[in-house]
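Engineer: Kindly return the folded structure for what I paste below:
(chains A and B)
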Protein chains: 2
Amino acid sequence: MVKLSRRTALGAVAAAPVAASLLPHLLPAAAQAQQPAAAPATQQAPGFYRTKVGDLVVTRINDGQFARPKPTEGFVRNASAEEVAAALRDAYLPTEALTIPITFMAVQGGGRTVLLDVGTGGQLMPTAAHGARNMAAAGIDPAGVTHVVISHFHPDHIGGLTGADGKAAYPNAEILVPEAEWAFWMDDGAMSRAPEAMQNTFKLVRGRFAAYPAERVRRYRSDAELVPGIQAIAAPGHTPGHTVYGLSSGGKQLMVLSDTSNHPALFVRNPGWHAVFDMDPTLAETNRRKLFDRVAADRAPVVAYHFPFPGVGHIRARERGFEYEPAPWSSEL
Amino acid sequence: MVKLSRRTALGAVAAAPVAASLLPHLLPAAAQAQQPAAAPATQQAPGFYRTKVGDLVVTRINDGQFARPKPTEGFVRNASAEEVAAALRDAYLPTEALTIPITFMAVQGGGRTVLLDVGTGGQLMPTAAHGARNMAAAGIDPAGVTHVVISHFHPDHIGGLTGADGKAAYPNAEILVPEAEWAFWMDDGAMSRAPEAMQNTFKLVRGRFAAYPAERVRRYRSDAELVPGIQAIAAPGHTPGHTVYGLSSGGKQLMVLSDTSNHPALFVRNPGWHAVFDMDPTLAETNRRKLFDRVAADRAPVVAYHFPFPGVGHIRARERGFEYEPAPWSSEL
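Structural biologist: Numbers count the residues shown, from 1 in each chain, chains lettered A, B, ... in the order given. I've put the predicted structure just below:
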């Protein structure tokens, strides 16, 4: 930690040219001093957050968020509109639309930079297109990524494997994918039997992986240690090969829950509720309860893909279900 | 919201020189591509966060944090070590030291930039010295600050009124202070009667305000509207003139709780507990309960100075006390 005096910090801002296209709000102080009545800056802070797991540096990278309109209607398969509205109100969330955040992560250590999922790639919706900018703000260069580990093949998790130009976004990385997930989405029979709405996902999956040489895509088994300190754990239901991860280093642990639960206000509080995204909702519930029981009993820290950013915290048992307790943001690593 | 493709964003990083002293992690991508095995960046993300209250833009500015060693011993006047340890464990916090964050804020609108408190100024402890850097990252220039509103005169709230050089940090601002707070800390009799440990605070207070011309320091009454949309509300106990604020604009509200509660895991859950910092603990408790009852009943959003950053959320009644529910971080303003 560097101690900067105010004079030093502001001197640096005034003196140095800045990457204005990335940080349009970071204008030289001298330029602003003449305009006290200018409209205030309204850009949100860069969406990355670091924490450590032993010797591993974990960087959570926010990709933005999407709004699910009318979450009381059809979003939860087995709860009434009144029940869903009550759960949202309990969490001080609006009932007319649910904001679902998207946050992937980098795990760095031992000379490796490992991404766990890659976000949308900015190609799904304009409010979820910040991943590349936030990764740059965090000082992580796509060309330096050594491994990309994919939890499952939904578009908000693999979209960013390619850029808008269709080329590989991580040209030097090995891509690690769950064997069961690959088997399902690459099965022409499964594709031909899938409903029309799902055909696009099959096509997106195949296009994303086609951008990488076949020998750079490695299929992993559900119990594999993928790289030192990152253990795959099968948690199917959300998709056939949906995978979570146990991170461990120096006696510390972190459970990466992937899409075990969508928004915690609904599916952590009510682990028996079935999100419309789950392909096998009963199996998804079984694995959700098993994982939540385990991390609650172990008091193990968790991260999850669709929890409010930065999405680091704990899960404790409460009444009939569980609740998510975000960890305090720390200014020190 | 600007939609950037990955190529555009990274092109900008590679092409533009950056304020390296402010953002040492934001290196040109090209420089990193050759060094995939380099040690990962470990600097935390810039600690600012924006939210809106009607037409007002609120920017929370993190100043860092300090560690209270042995929080089970003497930190809470009227709870046992076992009770404090249990409350910390319930919140997944360590019991050997308590991290207490410091976050002040800017309120911008109508051509005004109003600071509510100013942090330590980087002159109290090295882990709480990020305020100036985070304010610069948020694009807020000290010379453009039109008003500084002070809640009370503790050093972590007014330290930043001057720089390390002793000069006014906000040269163009009017400084607004609670009348009752000014009366206490400027009273030579009160100073002479104060215990020796408190003498330094008296001296610090006087030094900070002496850096501003007397006519620029305005004393406000506890029921005053300070600027349009910012209403002062007296909440003494923590100090004689401790003040909270009701923000309102466009039918939206936000309650700024100042130091009504120190860390929420202790004093929101247990509003009857007395922090060692409270000068009149019984009066502080009375006002704490009154404010928490009010915001819980109104479901009013709150911010507080020592809640985990960004410290925006709600307070709900729970069992014998209350609990703090952080609002979800949003990538959109």
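Engineer: hey, what's A:Q253 bridged with?
Structural biologist: A:S248 (DSSP bridges).
Engineer: check contacts around it.
Structural biologist: Counting by Cβ atoms under 8 Å, 6 or more residues apart in numbering or on different chains, A:Q253 touches A:53, A:246-247, A:300-301. Any C-beta I mention is one placed from the backbone N, CA and C, and that applies to glycine too.
Engineer: Got the domain ranges for chain A?
Structural biologist: Domain ranges of chain A: A:1-43, A:49-326, per automatic domain parsing.
Engineer: Tabulate these in CSV, adding columns for mean pLDDT.
Structural biologist: Converted to CSV, the domains of chain A look like this (pLDDT from 0 to 100):
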stretch, mean pLDDT
domain A:1-43, 42
domain A:49-326, 97
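Engineer: returning to what we had before: a markdown table for the contacts of A:Q253, including distance to chain B and secondary structure?
Structural biologist: Shown next, in a markdown table, are the contacts of A:Q253 (distance: Cβ to the nearest Cβ, whole Å; DSSP: H, G, I helix; E, B strand; the rest coil):
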| residue | distance to chain B | secondary structure |
| --- | --- | --- |
| A:V53 | 12 | strand |
| A:G246 | 18 | strand |
| A:L247 | 14 | strand |
| A:A300 | 10 | coil |
| A:P301 | 8 | coil |
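Engineer: What subset of the residues you listed is buried?
Structural biologist: Buried residues within these, defined by neighbour count using 16 or more other Cβ atoms under 10 Å in any protein chain shown: A:53, A:247, A:300-301.
Engineer: ok, back up a step: from the domains of chain A, which stretch is densest packed?
Structural biologist: Across these, averaging neighbours per residue (mean count of other Cβ atoms under 10 Å in any protein chain shown) puts domain A:49-326 on top, at a mean of 20.
Engineer: chain center to that one, what's the gap?
Structural biologist: 5 Å (Cα atoms, centre = their mean, to the nearest Å).
Engineer: end-to-end on that domain?
Structural biologist: Start to finish, the residues bounding domain A:49-326 are 13 Å apart (Cα to Cα, to the nearest Å).
Engineer: go on, stretch A:256-264?
Structural biologist: 14 Å.
Engineer: wait, isn't A:A79 in contact with A:W273?
Structural biologist: Yes - here A:A79 reaches A:W273: they are 5.2 Å apart, a contact under Cβ atoms under 8 Å.
Engineer: before we move on, back to that, output the domains of chain A as a markdown table; include the columns distance to B:G163.
Structural biologist: A markdown table is the format used below for those (distance: least, Cβ to Cβ, whole Å):
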| stretch | distance to B:G163 |
| --- | --- |
| domain A:1-43 | 5 |
| domain A:49-326 | 28 |
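Engineer: Can you show me the helices along the stretch 201-333 of chain A?
Structural biologist: A:264-267, A:281-298 (DSSP state H, counting those that start in this stretch).
Engineer: And the stretch 51-200 of chain A, by the same measure?
Structural biologist: Counting by DSSP H, counting those that start in this stretch, the helices of the stretch 51-200 of chain A are A:81-90, A:131-137, A:155-158, A:179-185, A:188-193, A:196-210.
Engineer: for the longest one, packing partners?
Structural biologist: What that stands for is helix A:196-210. Judged by 3 or more Cβ pairs under 8 Å, 6 or more residues apart in numbering or on different chains; DSSP states H and E, the packing partners of helix A:196-210 are helix A:155-158, helix A:179-185, helix A:188-193.
Engineer: Please identify which of those helices is closest to B:Y49.
Structural biologist: helix A:155-158 (23.6 Å; Cβ to Cβ).
Engineer: Alpha carbons of the closest one, in PDB - could you do that?
Structural biologist: In PDB, the C-alpha atoms belonging to helix A:155-158 read as follows (Å, rounded to 0.1, in the frame of the first residue of the first chain):
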ATOM      1  CA  PRO A 155     -24.200 -17.800 -23.800                       C
ATOM      2  CA  ASP A 156     -23.600 -15.400 -20.800                       C
ATOM      3  CA  HIS A 157     -20.700 -17.700 -19.800                       C
ATOM      4  CA  ILE A 158     -19.000 -18.400 -23.100                       C
END
